[in-house]
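Q: okay, sequence plus prediction incoming.
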Amino acid sequence: MADVTMRVWRGDASGGDFEEYTISQNEGEVVLDVIHRIQATEAPDLACRWNCKAGKCGSCAAEINGKPRLMCMTRMDQLPEGPVSVTPMKTFPIIRDLVTDVSFNYAMAERVPALLPPPMPAEGYRMFQEDVQRGQEFRKCIECFMCQDVCHVIRDHEDNKQHYAGPRFFIRYAELEMHPLDTNDRRDLIREDMGLGYCNITKCCTEVCPEHIKITDNAIIPLKERVVDAHYDPVAWLGRKIRRRTKVSASSAAVQPAP
Amino acid sequence: MTYEHHDYDVLIIGAGGAGLRAAIEAKQRGLKVAIVTKSLLGKAHTVMAEGGMAAAMGNVYPEDNWMVHFRDTMRGGKYLNNNRMAELHAKEAPARVLELEQWGALFDRTQDGKILQRDFGGHRYARLAHVGDRTGLELIRTLQQKVVSMGTEVFMECKILKLVHDADGKVAGCVAYHRQNGEFVTFAAKAVILATGGAGKSWKFTSNSWEGTGDGHAMALWAGANLIDMECIQFHPTGMVWPLSVRGLLVTEGVRGDGGVLRNSEGKRFMFDYVAPMFRAETAESEEEADKWYDDHTAGRRPPELLPRDEVARAINAEVKAGRGTPHGGVYLDIATRRSAEFIRRRLPSMYHQFMELAGVDITKEAMEIGPTCHYIMGGVQVDADTAATAALGLFAAGEVAGGMHGANRLGGNSLSDLVVFGKRAGMGAAQYVEAGDVAGPMNMDEVEAAIAESLAPFDREQGENPYDIQHDLQEMMQLNVGIIRTQSELDTARVELDAFTERVRNIKVKGGRAYNPGWNLATDLPAMIAVCKTVTIGASLRKESRGGHTREDFPGADPDFAKFNFAHSTHGGNWDSEIVTRESPLLPMPDELKALLEEAK
């Protein structure tokens, strides 16, 4: 097969530029194969993250020809002719070359109030397939963080990272809120501290998801309805005032773990 | 020199299923705990596990119980297992699965709302709790979220170079570097738990990621622990064979559990020709009988496609060798003609995507081309079954890095349950050790300095070899000489070659700086890879019989004399190139009540 020209961004937090590599390729290869060949031959210090090389761990997300993709699942023969550019995800600070600082996501994960199920019966919980199915869709997430990368609320506005969880964590909240066993109530937290209202449903996250999770339709929109209902519905408001709440509020439950 | 330094009661190396479960246990006991991982949290090789976790819950077949699971595990392991580990595993796995649901896991369900269980090779009953074909992801995410909710400290992208002792020789901590900036760091810990996973990256065709370098095996060896059964390597029967770039990538055994069959280039379901005597009584003799079994396990005997993995891998190898392979050197795995497209997409979604996107093959319409791939190392650090303690005081090990549980061959599905059963036990064992109070003193800083100097040497050489070239050649050499079928002359060649590799590793040159430099990282992995390959080769050379994941062309049968001990390796000196000393370590005597369980089965 003909050699391919790869334009790979090299640099660190202080700056950098594209470097061109003309490199061989074989039938059926993916972008990550070619990056590995560059590492093994021309640039052993070329930094990139990867683990499973099977689309299951989400480590090797980068922007290929400007579009967020998993390098391990992007076949070279499906890219247009001509040089292929590979750049790090734009939303996160650069560490080196294709490796970015994704600690924002891990900090957001720490703020998620845990599942709070009732005590488990000796023979285990009973749950039905129809009830776990919705949550299972969100638990397919491989945490590649490409949905976070494309979300313009944080891609274009760095300061929003303080008060915006992003699509990855909206599906996490949706999963917990729809969990058949959960008794924790995170609705105020999601509205006030996690910035659900900033999302204006452009579906960029859904389009980029390698697991084809319908992030916007199945998680964010239902979550918005749930949060809004809780807050603005006058009947629900009155109900909250009158009845003793059976659900623990997220602020008091904090990140209290299950037993 | 002074380095960044941290103190913990329990330090856990590795953030896969075993490491995370160990952390939860130690943390719940009120200890100061940290996890160190080479990668980001949630990316460990556990995510690659597809089919499920074995636990005799009896949700689908109420006849199932721990005794049957124990017996299946021992038979699958060809009786080389540590019987106490196999017993604990079979007894405790159901509780470990159930507790995952308290922490948020969502397994697939039965009609009456219990956890659904699927069939796998070597398990008499449908026993694997699962979520489609992404069970490993569910396990790691559940444990990760639990660990985070407990406020456990996690050092990500931090690579351990070596374990460090105190003045008396107890394990007292370790020295590491942060991959992101290349700075060194020391961790003092009263107890260290190794949960570093496997070593398959030293073979060319492997399902293992870059992390599977056996660095935990090597660290344990250097620290004074013993490695056992290192010759027992599992070649998973079904890895992808084409395109070449994904050769070795795993195809879940769930395909066969859900009805997929193996065919050669003549279209023949060849596994009926490869049923070993010990499995004949319980294996179907005709396609008709086998096919009845999927719907009702009492209506027929098991299909031969669901024999233990070592049996199936050898059969595939033999078919290809006999000239009945596919164009790319594998055999066909066919589920397309046997199950509906809807069923396949629902039960095996990631397999569907994996073949569609990487090979352009629609598995609902065409057969897959598959062949054996290096998948799992049964061998590992010798541990006490109840506490996961190793021979090195203060050092514990759990998960793939530990040896004994699976004997000569692991059954599919027994790995995920191994992680949580012995992860918890390691957390418990380490906590008890810390609470007993007789723990290590300060770290020997000479060991720290020596490890750091060794890691930096490749930068200082004027000239030297690219670490990637050495890794590439090592993988070729091990695949060729210490692969699925072994013979004395090739093993002798490997031993000579490994000495040459040792020399080459002494002459590595690393380019660039220390910050996120994968070439340097590989340079620090290679000594471990070489040490582990040496123990594998020595074990394979000494075990002059075929048993489980160790097959000798020149000794094709199992020899009862070899069923009495494990080969145990240690070093004198604790350096990466120290000479390896190998001895026979007798198997744990089996209590009569466990013996009776195996007798009943015969």
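A: Okay, I see it. Numbering: from 1, shown residues only, chains lettered A, B, ... in the order given.

Q: so for stretch B:351-366, mean pLDDT?
A: For stretch B:351-366, the mean pLDDT works out to 93.

Q: list the buried ones in that stretch?
A: Under the neighbour-count criterion of 16 or more other Cβ atoms under 10 Å in any protein chain shown, stretch B:351-366 has B:351-355, B:357-359, B:361, B:363-364 buried. Quick note: C-beta positions are derived from backbone N, CA and C, even for glycine.

Q: in CSV, list the residues you listed along with secondary structure.
A: Formatted as CSV, the buried residues of stretch B:351-366 follow (DSSP: H, G, I helix; E, B strand; the rest coil):
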residue, secondary structure
B:Met351, helix
B:Tyr352, helix
B:His353, helix
B:Gln354, helix
B:Phe355, helix
B:Glu357, helix
B:Leu358, helix
B:Ala359, helix
B:Val361, coil
B:Ile363, coil
B:Thr364, coil
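
Q: what's the most distant pair in these?
A: Farthest pair in the buried residues of stretch B:351-366 (Cβ to Cβ) is B:Leu358 and B:Thr364. Separation: 15.9 Å.

Q: domain assignment for the chain?
A: By default, I'm working from chain A. Chain A breaks down by automatic domain parsing into domains covering A:4-100, A:103-253.

Q: chain B, not that one
A: As given by automatic domain parsing, the domain ranges for chain B are B:237-374, B:445-565.

Q: okay, the buried residues of stretch B:351-366 in JSON lines with distance to B:Val148 next?
A: Putting those into JSON lines (distance: Cβ to Cβ, whole Å) gives the following:
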{"residue": "B:Met351", "distance to B:Val148": "30"}
{"residue": "B:Tyr352", "distance to B:Val148": "31"}
{"residue": "B:His353", "distance to B:Val148": "28"}
{"residue": "B:Gln354", "distance to B:Val148": "29"}
{"residue": "B:Phe355", "distance to B:Val148": "34"}
{"residue": "B:Glu357", "distance to B:Val148": "31"}
{"residue": "B:Leu358", "distance to B:Val148": "32"}
{"residue": "B:Ala359", "distance to B:Val148": "36"}
{"residue": "B:Val361", "distance to B:Val148": "38"}
{"residue": "B:Ile363", "distance to B:Val148": "36"}
{"residue": "B:Thr364", "distance to B:Val148": "38"}
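
Q: which among the residues you listed are in contact with chain A?
A: The subset of these lying close to chain A, counting by Cβ under 8 Å from any Cβ of the partner chain, consists of B:353-354, B:357-359.

Q: list the contacts for B:Val505?
A: By Cβ atoms under 8 Å, 6 or more residues apart in numbering or on different chains, the contact list for B:Val505 reads B:470, B:526-527, B:530, B:577.

Q: out of everything not next to it in sequence, what's closest to it?
A: Among residues not flanking B:Val505 along the chain, B:Leu526 sits closest, at 5.0 Å (Cβ to Cβ, 6 or more residues apart in numbering or on different chains).

Q: gap between the helix or strand where the one you found lies and the chain center?
A: Assigned by DSSP states H and E, B:Leu526 belongs to helix B:518-542. With Cα atoms, centre = their mean, to the nearest Å as the basis, helix B:518-542 stands 16 Å off its chain's centre.

Q: any buried residues in it, and which?
A: B:518-541.

Q: before we move on, back to that, closest one to chain B among the domains of chain A?
A: Among the domains of chain A, the nearest to chain B by Cβ to the nearest Cβ is domain A:4-100 (2.4 Å).

Q: quick one: mean pLDDT for the closest one?
A: For domain A:4-100, mean pLDDT rounds to 96.

Q: and the end-to-end length of it?
A: 25 Å (Cα to Cα, to the nearest Å).

Q: does it reach chain B?
A: Yes - applying Cβ under 8 Å from any Cβ, one finds domain A:4-100 touching chain B at A:12, A:26-30, A:33, A:39-41, A:44-59, A:73, A:75, A:95-97, A:99.

Q: B:Leu474: what's it in contact with?
A: By Cβ under 8 Å, 6+ apart, B:Leu474 lies in contact with B:202, B:501, B:526, B:529-530, B:533.

Q: flag every buried residue along the one helix or strand it maps to.
A: Taking DSSP H and E as the definition, B:Leu474 sits inside helix B:467-481. For helix B:467-481, burial by neighbour count (16+ other Cβ under 10 Å) applies to B:467-468, B:470-471, B:474-475, B:477-479, B:481.

Q: stretch A:5-24 now?
A: Within stretch A:5-24, the residues scored as buried using 16+ other Cβ under 10 Å are A:6-9, A:19, A:21.

Q: now flag whichever of the contacts of B:Val505 is closest to B:Asp72.
A: Closest approach to B:Asp72 among these (Cβ to Cβ): B:Ile530, at 35.6 Å.

Q: hang on, the earlier thing: now, the buried residues of stretch A:5-24 that are in strands?
A: Counting by DSSP state E, the buried residues of stretch A:5-24 place A:6-9, A:19, A:21 in strands.

Q: could you identify the most distant pair in the residues you listed?
A: Distance extremes for those: the farthest pair is A:Trp9 and A:Tyr21 at 11.9 Å, using Cβ to Cβ.

Q: ranges for the strands of chain A?
A: A:4-12, A:15-23, A:61-64, A:67-70, A:84-87, A:94-96, A:99-100, A:184-185, A:248-249.

Q: which bits of the stretch 101-250 of chain B sit near chain A?
A: Proximity of the stretch 101-250 of chain B to chain A, by Cβ under 8 Å from any Cβ, involves residues B:101-104, B:106-109, B:112-115, B:131-132, B:134, B:136-138, B:141, B:145-146, B:148-151, B:156, B:180, B:209-211, B:242-246, B:249-250.

Q: any of these buried? List them.
A: Members of those classed as buried by 16+ other Cβ under 10 Å are B:101-104, B:106-109, B:113-115, B:131-132, B:134, B:136-138, B:141, B:145-146, B:148-149, B:156, B:180, B:209-211, B:242-243, B:245-246, B:249-250.

Q: returning to what we had before: dump the contacts of B:Val505 to a markdown table, plus pLDDT and distance to B:Ala313.
A: Formatted as a markdown table, the contacts of B:Val505 follow (pLDDT from 0 to 100; distance: Cβ to Cβ, whole Å):
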| residue | pLDDT | distance to B:Ala313 |
| --- | --- | --- |
| B:Ile470 | 98 | 28 |
| B:Leu526 | 98 | 28 |
| B:Pro527 | 98 | 30 |
| B:Ile530 | 98 | 26 |
| B:Asp577 | 94 | 32 |
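
Q: what pLDDT does A:Gln148 get?
A: pLDDT at A:Gln148 comes out at 98.

Q: residue contacts, it?
A: A:Gln148 touches A:91-92, A:104-105, A:154, A:166-168, counting by Cβ under 8 Å, 6+ apart.

Q: at 6 Å what do you get?
A: Counting by Cβ atoms under 6 Å, 6 or more residues apart in numbering or on different chains, A:Gln148 touches A:166, A:168.

Q: and what of B:Gly407?
A: Applying Cβ under 6 Å, 6+ apart, we find B:Gly407 in contact with B:77-78, B:80-81.
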